[in-house]
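*Asks:* Okay, here's the prediction I keep looking at, along with the sequence it came from:
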Amino acid sequence: MFKGVSLDQAPPFEAPLLFFLTAPLFAILAGAALTEALFFQQHIAILHLFSLGFMLNIMFGALLQMLPVVIGVKFQNPKRMAWWVYIPLNTGIALFFISLYFDIALYHPAALLLLLSIGSFALLTLYKLFNAPSNTPTLWAFRLSLISLLIALAMGVFLLTTLKNPPEIFGFVLPMHALFAAFGWIALLIIGVSYQVIPMFYVTTEIDRRVQYMVIWLISGALTLLLLALITLMATDENIVVTFILSATFGFILFLLLNFALFVYAVMTLLRLYNRKRSIKEPSLGFWYVGLFAALAASIYPAAMPFNHFSDNIYAVLFGYGFAISIIYGMLYKIIPFLSWFHISSRGFFDMPNMKEMVDERLLYLHLGLHLLSFALLILYPKAAAPFIIAENILFYINIKKAVKIYFEYKAKKSPFEGFSRQ
Amino acid sequence: MIKDFMTNDHRECDNLYAPLEEAISKEDWDRALELYTPFKDAMLHHFAMEEEVLFPKMEEYVGGGEGPIYVMKMEHSQIKSIINSLGEAIEAKDKRKALGYGETFMIMTQQHNMKEEQILYTMAEQLPFDKEEVLKEMKEV
């Protein structure tokens, strides 16, 4: 009945840490690349430094960490598995960036590496998620997020490998790839996480389960319709102009629907945070607020803008940098000190610093300030944001340095349990 | 039945912690000391319900050893140690330390609760013992 279910201690810290420490490097690279970027293709390359380089690395690390904890699934040998995914993934991201940014024909090896690393990790995780012992909105959000990731991946590989000789359908697949990645993969993942952690970490009431499911199914439903439309389009041989107008109208309606779901989620979560029982103010909460207000702004933006004034770039910044990345920083500042403390404590030590002693809260607030500044500048004048993006990610390393250092210091010490512990 | 009851008890404990943390952050030490005792008692009572009734019952079916129940008990002792450090920091009126242990307590406990709510209680519900009887015994602890 519970075969494969384990409540074992969390996987070794090194496994998620590898991904957590790599992600900001890509954000720093993105900042540097932003100063020189001129063409559309270069902007797409930078966008993927954030989505694949930053977000996907964090997601992989977080899933390695969270799945045993939240769902009770266990990876065999997590450290080895981490490296097996890590190397092809990050080589793939680097090749992807080089090929797009410098226009060097490395598309095929990049596509292959990304397909193998993301595809195998997502499939394995999905398999484990479908075998989980209980069903919750969070679990459904995770499953649908990973399915969307696989769909976005398949579309991405198609786009990348046909970039130099695009077939007619290229122009339809491109926005769909973006929507599957943004709403399907990223939004569902964050929504799933927040359903679980907001009530627990901040002591709030839960969002009504029916609303939780509604948001998830609305997003998945709209994306499924989009996918069906794309398949129909591929199967029929209509006049391309008529098809384009029809699909643009249909696509825009579904885009509004996706944003409606995001709006409901953002408003409901903001209200819960505002009415939280745990009144203490701390930097992570600030990152959550920024993220949720950015989600709210993104969700309103398409409906508020006249059609011809809608800017893809502004939307991408609101959604990616404002919503997703803010929340990720907020979570990392809790996860990293906690895991450091937890692993040391599990080996029987009592004298290590507590979570708050592992970080300097004032510097965390400084990061929040820098993040807001780079976020605002990315909307107003993107090139000016570059130094602040670089600065905030260097500051991120400074901020987590102590927690990581303490972990390794204690790891080198002999456990007080030694002799009678299973460690 | 057991899952709902124990999940609610987790939330009750959270609700006792929240005002305690607020008192610490305002450096209202008398109130913090006053709130600390019922909070600690509720936590220890929750652990006792599990360790004295629920876990031994479950172990009859799933075995003891180093399995999930062993891990839950280990985490209980980790949490108890943080609660004690929190108490010492409150007595010493050390705001920074108390908030630090408070935060550590909170995240440690929440990830522990997640494991119990998602996995362990679900497991308990599916095991073939008399849930009402066990629930009754737990309430008597």
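*Replies:* Thanks, I have it.

*Asks:* dump the residue contacts of residue A:322.
*Replies:* A:290, A:291, A:293, A:294, A:295, A:297, A:298, A:375 (Cβ atoms under 8 Å, 6 or more residues apart in numbering or on different chains). In short, each C-beta sits where N, CA and C put it, glycine included.

*Asks:* Neighbour-wise, give me the winner out of these.
*Replies:* residue A:295 (28 neighbours; other Cβ atoms under 10 Å in any protein chain shown).

*Asks:* What's the first helix or strand after the helix or strand hosting that one?
*Replies:* Residue A:295 belongs to helix A:283-304 when elements are defined using DSSP states H and E. Downstream of helix A:283-304, the next assigned helix or strand under DSSP H and E is helix A:312-316.

*Asks:* Quick one: residues in contact with that following helix.
*Replies:* A:43, A:47, A:298, A:301, A:302, A:379, A:382.

*Asks:* for the residue nearest to the spatial centre of chain B, what are its contacts?
*Replies:* Within chain B, one residue has its C-alpha closest to the average C-alpha position: by Cα atoms, centre = their mean, that is residue B:43, at 4.3 Å. Applying Cβ under 8 Å, 6+ apart to residue B:43 gives the contacts B:13, B:79, B:80, B:83.

*Asks:* Let me know the helix or strand that it is in.
*Replies:* Using DSSP H and E, residue B:43 falls in helix B:29-48.

*Asks:* For the residue of the stretch 251-400 of chain A found nearest chain B, list the residues it contacts.
*Replies:* In the stretch 251-400 of chain A, the residue that lies nearest chain B is residue A:356 (3.4 Å; Cβ to the nearest Cβ). By Cβ under 8 Å, 6+ apart, the contact set of residue A:356 is A:337, B:96, B:99, B:100, B:103, B:104.

*Asks:* Inside helices: which ones of those residues?
*Replies:* A:337, B:96, B:99, B:100, B:103, B:104 (DSSP state H).

*Asks:* Pull out the buried residues from stretch A:365-376.
*Replies:* By neighbour count with 16 or more other Cβ atoms under 10 Å in any protein chain shown, stretch A:365-376 contains the buried residues A:366, A:367, A:368, A:370, A:371, A:372, A:373, A:374, A:375, A:376.

*Asks:* For it, report the contacting residues that lie outside it.
*Replies:* With Cβ under 8 Å, 6+ apart, stretch A:365-376 has contacts from A:283, A:286-287, A:290, A:294, A:317, A:321-322, A:325-326, A:329, A:385, A:388-389, A:391-392, A:395-396, A:399.

*Asks:* Taking the ones in helices among the contacts of residue A:356, tell me the two that lie furthest apart.
*Replies:* Using Cβ to Cβ, the ones in helices among the contacts of residue A:356 span at most 14.5 Å, a distance reached by A:337 and B:96.

*Asks:* Comparing the two, which residue is more hemmed in?
*Replies:* residue A:337 (28 against 13).

*Asks:* Get me the contact residues on the stretch 101-250 of chain A for chain B.
*Replies:* Contact residues, the stretch 101-250 of chain A versus chain B (Cβ under 8 Å from any Cβ of the partner chain): A:133, A:134, A:136, A:196, A:197, A:200, A:201, A:203.

*Asks:* and if we set it to 10 Å?
*Replies:* A:132-136, A:138-139, A:196-197, A:199-206 (Cβ under 10 Å from any Cβ of the partner chain).

*Asks:* May I have the predicted confidence score for residue 15?
*Replies:* Since you didn't name a chain, this refers to chain A. Per-residue pLDDT puts residue A:15 at 92.

*Asks:* That was the other one, I meant chain B.
*Replies:* 94.

*Asks:* Could I get the contacting residues of it?
*Replies:* Residue B:15 makes contact with A:203, A:277, A:278, B:39, B:42, according to Cβ atoms under 10 Å, 6 or more residues apart in numbering or on different chains.

*Asks:* again with residue A:340
*Replies:* In this structure, residue A:340 makes contact with A:13, A:17, A:352-353, A:355, A:358, A:400, A:402-408, A:410-411, judged by Cβ under 10 Å, 6+ apart.

*Asks:* thinking again about what came up before, need the buried residues of stretch A:365-376 in JSON lines (columns: pLDDT).
*Replies:* Listed next are those as JSON lines, based on pLDDT from 0 to 100:
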{"residue": "A:366", "pLDDT": "98"}
{"residue": "A:367", "pLDDT": "98"}
{"residue": "A:368", "pLDDT": "98"}
{"residue": "A:370", "pLDDT": "98"}
{"residue": "A:371", "pLDDT": "98"}
{"residue": "A:372", "pLDDT": "98"}
{"residue": "A:373", "pLDDT": "98"}
{"residue": "A:374", "pLDDT": "98"}
{"residue": "A:375", "pLDDT": "98"}
{"residue": "A:376", "pLDDT": "98"}
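
*Asks:* I figured residue A:81 hits residue A:14, correct?
*Replies:* No. Using Cβ atoms under 10 Å as the test, residue A:81 is too far from residue A:14 to be in contact (11.8 Å).

*Asks:* and stretch B:49-62, which residues are buried?
*Replies:* Taking 16+ other Cβ under 10 Å as the criterion, stretch B:49-62 shows B:49, B:50, B:53, B:54, B:55, B:57, B:58, B:62 as buried.

*Asks:* Of the contacts of residue A:322, which is the nearest to residue B:137?
*Replies:* Looking across these and measuring by Cβ to Cβ, the closest to residue B:137 is residue A:291, at 44.9 Å.

*Asks:* Surely the closest one touches residue A:198?
*Replies:* No. The criterion here is Cβ under 10 Å, and residue A:291 misses it with residue A:198 at 11.4 Å.
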